[in-house]
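Trainee: quick one, what's the 3D model for this:
(chains A and B)
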2 protein chains.
Amino acid sequence: MYGIFSYDIASPRVGLKHGSRILDLEVVGLLGYFNDLTIDPAVFAQPALNEFIALGKPRHRLIRQRLNELLSDENAAFKDVYEQVFIDESRAKMHLPVRIGDYTDFYAGIHHAENVGRMFRPNAEPLLPNYRHLPVAYHGRASSIVVSGTSIQRPNGQYLGPDNQPVFGPSKALDFELELGLIIGKNNALGNSIAVDDAEDYIFGLTLFNDWSARDIQRWEYQPLGPFLGKNFASSLSAWVVPLDDLESFRVTGIQQEPIPLPYLRCAKASHFDLELEVILRTAAGDAVVISRTNARNLYWSFAQMIAHHTVGGCNLNIGDVLATGTISGSTPGSYGSLLELSWNGTRPLHLSAQTTRTFLEDGDSLILQGWGFAEGIRVDLGEVSGTISQKQQ
Amino acid sequence: MYGIFSYDIASPRVGLKHGSRILDLEVVGLLGYFNDLTIDPAVFAQPALNEFIALGKPRHRLIRQRLNELLSDENAAFKDVYEQVFIDESRAKMHLPVRIGDYTDFYAGIHHAENVGRMFRPNAEPLLPNYRHLPVAYHGRASSIVVSGTSIQRPNGQYLGPDNQPVFGPSKALDFELELGLIIGKNNALGNSIAVDDAEDYIFGLTLFNDWSARDIQRWEYQPLGPFLGKNFASSLSAWVVPLDDLESFRVTGIQQEPIPLPYLRCAKASHFDLELEVILRTAAGDAVVISRTNARNLYWSFAQMIAHHTVGGCNLNIGDVLATGTISGSTPGSYGSLLELSWNGTRPLHLSAQTTRTFLEDGDSLILQGWGFAEGIRVDLGEVSGTISQKQQ
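Mentor: Residues are numbered from 1 along each chain as shown, chains lettered A, B, ... in the order given. As a prediction, this is how the structure comes out:
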């Protein structure tokens, strides 16, 4: 996994996470380990991964191969420079991994969409008519995406009070959403669409993503143009990005798509990924409970389909853009990716311990999303994204 | 009006529009005309206005006062350097005026919202219950905002065919939306809201804005999360930004707000602007017809209210962000700000000449938005934003 870190007086730079240590790629480059690959170490001396990402996949693969060689016998490879190239993670401050141009949030978790439908349109089909025909999505706010670990201030906003009149105050229904975020790795020009079978070339890698949501604000504001203040107070991105290349062992066929989508959304190869996901809620009092376990296989639409759809009208994507999947819920209660679903809109409190229940998030609660792939004896960590709720400043 | 222009071998730089000429502010600065104001000319040698905007309003006012003095007797002031400081507009290539971080589109034109309600929910109240309580808005796509004059490719997309099944093809309902765009002039930190009475300090200036819309694509995709591909293929921004300071003479009280909004949306002073707006449709065959005349007074929510609402939950705005107003329609057919309304969803073709009608835009059509203020003998031009529809490349 790649990320941006700083420590002591060292300015932000690109690192490779290696266990509990970070390999400082600027230093590795300055020491000449990439010289024969003609990789300028300056690409690692940046406050965001964008310049590194812009090198492109062929060069990423060369770098990765070199790093694997060096790390396979790290004591020998870095004999006299070990202290220079490795930083203990505990000494590092992590930064937002990419400079984000635009952020898009999909709605590709079909069980989540069904649950929302069942809750809010109880007498209708859970899925709206377009759901199985196109990957529904909306544009989100890029400026308020923060790196994992940043505390999240409970937003003020307008919502309906008990007498159905709008009132103003701190949200009383603060929620998380368990999502994956794609980091775009290549630009397409405005007007040029990306074919579904080429789409993965445009993904640099994957992150964990928490699309914090204020359900009371969202419910009152969202008609007819979608979510706005219910979402834009903050979203959290993990500090580490896993290159898509690293996830090849977990590639699987997705949920059967019925009806078969229009040709521009038909993928020749399996384009879903078998990735385990977990949500931990830790209260200020110290209770820490896994409140959900699910899998990225619950996404109806694949990453490739999201990109093909996003660009089919000519919209341009840029390196560093974030495309989030939407909430990933499984089909059973213990696998839901939001408190909205886990507490069924507040009607079924979640028991964290004998004394502690939750419907939505309380001040002081920490929410941690984790993920990994495991197949054929190989485990690949997706890292984690965490955030603690702080009280709204008065 | 300020904008970014280049010419011959001169790289993009900041210019002031002065009639049909552009005053090259980098050159003016290099010649020493701002020396006593301690304005570094480098701020004008930029491909976007962001660095100039970041100087802040007090310094903008000093610069503006100096420019007014110089221009009041330009032949004397620029006696030996006239050819260096003035560029004829016809020689200039205009660029997008700002580096846009995020783009938000409001829905503040009340007659537009009512018309859409009447069309698509004929048996219900035209306005949804939240409309008069908060400025409804959604996040748009920043990457596909282009400068006035850029040709607009008709987007492909998915929409419902005659048998109500989704089909794929070029949009058959391509439309414009007459809007104003605010250019944000000052950052607020994430978590800090902006009080409504301070909000205008955060506006650098105004532009004309055309939020091109593919109605067929939008209609099929937008439930439940709002517009996506129906909008993100392109939006057009005028090349020139009018500082808010220049519009002081046109300040007026807006439409009476009933019910009185919540305190965070109550503005102490008049915060609407009396600005005339006009839409011209020019066909490839040469017909050019004013198809709409309206006024910014038709906005229910003021610019200050939009900013107060946008940030009330803590969302951070950045210099260069665009906040568009939403379609500005008047209350009568000749004053509607979209073809959706002018042709009443395609049911009442617009007669451009004896032979030519339009429901939506055809390939080769050009759409031009213009605007100006006129009060107490003072006219302030808002410039124009134009675009010509080109066929989708196969």
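Trainee: ok, the residue of the stretch 51-200 of chain A found nearest chain B - how many residues close by?
Mentor: Nearest residue of the stretch 51-200 of chain A to chain B: residue A:155, at 3.5 Å (CB to the nearest CB). In this view, the C-beta of every residue, glycine as well, is placed from N, C-alpha and C. Residues lying near residue A:155 (other CB atoms under 10 Å in any protein chain shown) number 25.
Trainee: residues contacting it?
Mentor: A:170-171, A:174, A:214, A:217, A:229, A:233-234, A:392, B:313-314 (CB atoms under 8 Å, 6 or more residues apart in numbering or on different chains).
Trainee: kindly indicate which of these lies nearest residue A:360.
Mentor: residue A:174 (5.4 Å; CB to CB).
Trainee: contact residues of the stretch 1-150 of chain A facing chain B?
Mentor: Proximity of the stretch 1-150 of chain A to chain B, by CB under 8 Å from any CB of the partner chain, involves residues A:101-102, A:104-105, A:107, A:116, A:128, A:130, A:133-134, A:136-144, A:146.
Trainee: among those residues, which are located in strands?
Mentor: Of those, the ones assigned to strands by DSSP state E are A:104-105, A:137-140, A:146.
Trainee: who wins on neighbours among those?
Mentor: Neighbour tally across those (other CB under 10 Å): the maximum, 28 neighbours, falls on residue A:105.
Trainee: ok, that one touching residue A:326?
Mentor: Yes. Residue A:105 is within contact range of residue A:326, at 6.1 Å (criterion: CB atoms under 8 Å).
Trainee: circling back: the ones in strands among the residues of the stretch 1-150 of chain A next to chain B: which two are farthest apart?
Mentor: Spatially, the most separated pair among those is A:137 and A:146, at 21.3 Å (CB to CB).
Trainee: I'd like the ones in strands among the residues of the stretch 1-150 of chain A next to chain B laid out as a markdown table, including pLDDT.
Mentor: Formatted as a markdown table, those follow (pLDDT from 0 to 100):
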| residue | pLDDT |
| --- | --- |
| A:104 | 98 |
| A:105 | 98 |
| A:137 | 98 |
| A:138 | 98 |
| A:139 | 98 |
| A:140 | 98 |
| A:146 | 98 |
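Trainee: re earlier: and for residue A:105 and residue A:326, which residues touch both?
Mentor: Shared contacts of residue A:105 and residue A:326, defined by CB under 8 Å, 6+ apart, are found at A:137, A:179, A:211.
Trainee: enumerate the residues of the stretch 151-300 of chain A near chain B.
Mentor: In this structure, the stretch 151-300 of chain A approaches chain B at residues A:153, A:155-158, A:166-168, A:171, A:190-191, A:193, A:214, A:217, A:220-229, A:232-234, A:262-264, judged by CB under 8 Å from any CB.
Trainee: buried ones among these?
Mentor: By neighbour count, with 16 or more other CB atoms under 10 Å in any protein chain shown, those hold A:153, A:155-158, A:166, A:168, A:171, A:190-191, A:193, A:214, A:217, A:220-222, A:224-229, A:232-234, A:264 as buried.
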